[in-house]
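> would you be able to build a 3D model of this:
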Amino acid sequence: MRLADLSSPDVAEQAASGAILAVPLGATEQHGPHLPLSTDTDIATALCDRLAEERPDVLVAPAVPYGSSGEHAGFAGTLSIGQAATELLLIELGRSACETFRRLLFVSAHGGNAASVTRAVATLRTESRDVSMFEPRWQGDPHAGRPETALQLALRPEAVQMEKAVPGDSRPLGELLPVLRKGGVRVVTDTGILGDPTGATADEGRDLLDVLTAQLRAHVRDWTSVVTP
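Numbering: from 1, shown residues only. Predicted coordinates:
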């Protein structure tokens, strides 16, 4: 169920019955020549929607499509608001959301948001708000590679241009991180791809989506099983 589709009294009724507000956090950033800029936002939104399908106590907020994407500077279309602005946005959004909802869940599918989301959640918790965060993780290519391409083939096949998919830099992320932190993605790959998306399939994407949804479901189950004051 989408929050934005409801009236204010409808939301109040849902919140009074213990509804959880799930907020998808993504980014607007390059994902190679074959994937849309909305990839991270699409994945976060899909996970929240799937959670809501399985749990009637979950409402899905409009996605936040901007975050900390400075590592993708130099690629056309990337829109970054930086770590500090992302953190402040989530703190203020969280404070506002918790005026209505007792529990708030951030689902962030952009790795660059991790530090900002972690700090924002910590701040909200110190203010006695019941807030949690979930970040989907998978094995393999870290950016615009096989996993993300497979996920988009499952979610939005019409937005994927597989004829433009090419292998990128396939070195392990641990080896790339020092270079990425210093100069960004552009210094290691002209295409913006970290990994090799060429073999991705929609079936792989559906399987991975099932795994990530199960992880999210378990995360929420464990979180909500803790009794809060």
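
> so Pro24 is in which element?
Pro24 is part of strand 20-25, with elements assigned from DSSP states H and E.

> can you tell me what sits against the lowest-mean-pLDDT helix or strand in the chain?
When the helices and strands of the chain are scored by mean pLDDT, DSSP states H and E, helix 173-183 comes last with a mean of 90. Outside helix 173-183, the residues that touch it by Cβ atoms under 8 Å, 6 or more residues apart in numbering are Glu71, Pro142, Asp169, Val187, Val188, Leu194. Using the backbone N, CA and C atoms, a C-beta is placed for each residue, glycine as well.

> now do the same contact list for the most centrally placed residue in the chain.
For the chain, Ala109 is the residue whose C-alpha lies nearest the centre (Cα atoms, centre = their mean; 2.0 Å). By Cβ under 8 Å, 6+ apart, Ala109 lies in contact with Pro24, Leu25, Gly26, Asp40, Thr41, Ile43, Ala44, Leu47, Glu135, Pro136.

> most widely separated two among those?
Farthest pair in the contacts of Ala109 (Cβ to Cβ) is Thr41 and Glu135. Separation: 14.1 Å.

> looking at these two, which is more packed in?
Thr41 (23 against 19; other Cβ atoms under 10 Å).

> contacts only, for the more buried one.
Contact analysis of Thr41 by Cβ under 8 Å, 6+ apart lists Pro24, Gly26, Ala27, Thr28, Ala63, Val64, Pro65, Ala109.

> tally of neighbours for the nearest residue to the fourth one once chain neighbours are set aside?
Of all residues not flanking Thr28 in the chain, Leu79 sits nearest, at 4.4 Å (Cβ to Cβ, 6 or more residues apart in numbering). The burial count assigned to Leu79 is 13, neighbours taken as other Cβ under 10 Å.

> just Ala76 next, same as before
Counted with other Cβ under 10 Å, the neighbours of Ala76 add up to 6.

> helix, strand, or coil at it?
Recorded secondary structure, Ala76: coil (DSSP: H, G, I helix; E, B strand; the rest coil).

> check contacts around it.
So Ala76 contacts Gln30 (Cβ under 8 Å, 6+ apart).

> how near is it to His143?
From Ala76 across to His143, the span is 16 Å (Cβ to Cβ, to the nearest Å).

> next one: the helix ranked longest in the chain to chain centre, how far?
Of all the segments assigned as helix in the chain under DSSP state H, the longest by residue count is helix 202-224. Distance of helix 202-224 from the chain centroid (Cα atoms, centre = their mean, to the nearest Å) equals 13 Å.

> what does stretch 151-171 give?
Distance of stretch 151-171 from the chain centroid (Cα atoms, centre = their mean) equals 18 Å.

> and it, end to end?
Terminal residues of stretch 151-171 lie 21 Å apart, using Cα to Cα, to the nearest Å.

> quick one on the thing from earlier: mean confidence for the longest helix of the chain?
In this model, helix 202-224 has a mean pLDDT of 98.

> buried residues, that helix. List them.
Neighbour counts using 16 or more other Cβ atoms under 10 Å place 202, 204-205, 208-209, 212-213, 215-217, 219-220, 223-224 of helix 202-224 among the buried residues.

> flag the shaky bits of the protein, pLDDT-wise.
The chain contains residues with pLDDT under 70 at 227-229.

> which residues sit against the strand or helix carrying Gln152?
Element membership for Gln152 (DSSP H and E) is helix 146-155. Under the criterion Cβ under 8 Å, 6+ apart, residues 31, 34-36, 39, 42-43, 46, 138-141, 159-160, 162, 165, 195-197, 199-206, 208-209 lie in contact with helix 146-155.
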